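*Asks:* Need coordinates for the following:
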Amino acid sequence: MERRLSNAFGILTIISAVLYGWFFSLARKDFSNLLIVYTLLFLAFLGYNYISKKGTQENLQLFPSFLGKWFYGASLIGGIFFIGLILRLLLIDNTPHLSQDFFRFIWDGHQLLNGYNPYLYLPDDIIESGSSHIPNASFLHASMGELSSGHYTNYPPLNQLFFAIAAWLGGDSVLASVIWMRIFIILADVAIFILRD
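*Replies:* Numbering: from 1, shown residues only. I've put the predicted structure just below:
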């Protein structure tokens, strides 16, 4: 039983990695394929849940013991955490397809870096004024969409700090800024996992 569950967990992990890769390659308007992939990922999640419950109930060793030593206690929790971390790192350089909010995040970060309060200036007004303190301003403005560009920012100050740090570390590169934002999210997940009890 232990070996079958361990193998099933490995197969589910490979299937999940492929599905996440496919999910990130789909366009925002490709509804039917998005629905199919999302449904398959949800079924994989149910499979993970079943295996985890079964492994915990029967106290099975589904992962090598070194994972448990490295990651806070039981090897099952450590293994799940390790797999989640690997999957996130594999997709770190993919830009989000289902949301364009990250363009506004980068915009607000550069605003703050250049001494402008992001709560006081509309992106539309900055573009119309011809101001050039934001790298890739035209691209970011066009990509964030009319809803975001025509309204004041609504993201809290702590978020704005992380946007500014990501914009500073990413420089003129949109992709580098996105990667830095993802690194912050992954580090927060790691901290939550370590400090959860």
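*Asks:* so where's the chain shaky on pLDDT?
*Replies:* 1-2, 60-77, 197 (pLDDT under 70).
*Asks:* could you pull out the helices for it?
*Replies:* 2-25, 31-57, 65-70, 75-90, 101-113, 123-129, 137-149, 157-170, 174-194 (DSSP state H).
*Asks:* Need the winner for burial among these.
*Replies:* Comparing these by mean neighbour count (mean count of other C-beta atoms under 10 Å), helix 101-113 comes out on top with a mean of 23. The way it works is simple: take the backbone N, C-alpha and C, and place the C-beta from them, glycine included.
*Asks:* what about it, distance to the chain center?
*Replies:* From the chain centre to the centre of helix 101-113 is a distance of 17 Å (C-alpha atoms, centre = their mean, to the nearest Å).
*Asks:* what's next to it, contact-wise?
*Replies:* Residues external to helix 101-113 that are found in contact with it (C-beta atoms under 8 Å, 6 or more residues apart in numbering): 95-96, 117-118, 121, 123, 133-135, 137, 140-141, 143-145, 148, 153, 155, 159-161, 163-168, 170, 174, 177-178, 181.
*Asks:* Over to stretch 118-129?
*Replies:* 104, 107-108, 111-112, 134, 137-138, 140-141, 144, 148-153, 155, 160.
*Asks:* Recalculate using a threshold of 10 Å.
*Replies:* Outside stretch 118-129, the residues that touch it by C-beta atoms under 10 Å, 6 or more residues apart in numbering are 103-104, 107-112, 116, 131-134, 137-138, 140-142, 144, 146, 148-155, 157, 160, 163-164.
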